[in-house]
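Peer 1: This is the structure alone, sequence omitted:
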């Protein structure tokens, strides 16, 4: 004998279970996205370009050969602790801006002072980067400098405002 049509009814999933599953999925996707971002950022760091760009070297960070970037990074790392201190000080200046934003009433003078400090520190970081880059360029032959200038021109066309 076969039983037809007498199957027990399928229980419905409670609404709160569906919501919990959706939230769990969203949280998992967010975590995967954050991990992917960290991995991709760490991958970029392998050629040194992001660190070099933070020192005002912009397209040079991409135009230099990998060996030149490695050598430049070594030159910059010799400034290790002073650079770390300047970066920490920039972070402190940004926290001072944040405090000024939260102050009631708004403390414009405190925000201006924090921005000025941040600007001065960023200029100092940029001067360090430019000095190390000039030291690196000074070691290059005329042919290497020409190749660097050509790669720089390609970078500027690729990323510059005049690209079409």
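Peer 2: Okay, I see it. What you are looking at is a predicted structure, and each value in this text was computed from that prediction instead of being measured.

Peer 1: in this protein, what secondary structure element scores lowest on mean pLDDT?
Peer 2: Within the chain, no helix or strand scores below helix 49-52, which has a mean of 58 by mean pLDDT, DSSP states H and E.

Peer 1: Helix or strand next in line after that helix, which one?
Peer 2: helix 58-63 (DSSP states H and E).

Peer 1: Report all helices and strands that that next one contacts.
Peer 2: helix 49-52, helix 142-159 (3 or more CB pairs under 8 Å, 6 or more residues apart in numbering; DSSP states H and E). C-beta: built from backbone N, CA, C; applies to glycine.

Peer 1: orientation of the helix or strand hosting residue 70 relative to helix 142-159 in degrees?
Peer 2: Here residue 70 sits within helix 66-77, counting by DSSP H and E. Compare the direction of helix 66-77 with that of helix 142-159 by axes from the mean of the first three to the mean of the last three CA atoms, to 10 degrees and you get 90 degrees.

Peer 1: Give me the pLDDT for residue 142.
Peer 2: Here, the pLDDT recorded for residue 142 equals 94.

Peer 1: For residue 22, see how far away it is.
Peer 2: 63 Å (CB to CB, to the nearest Å).

Peer 1: Nice, that's everything, thank you.
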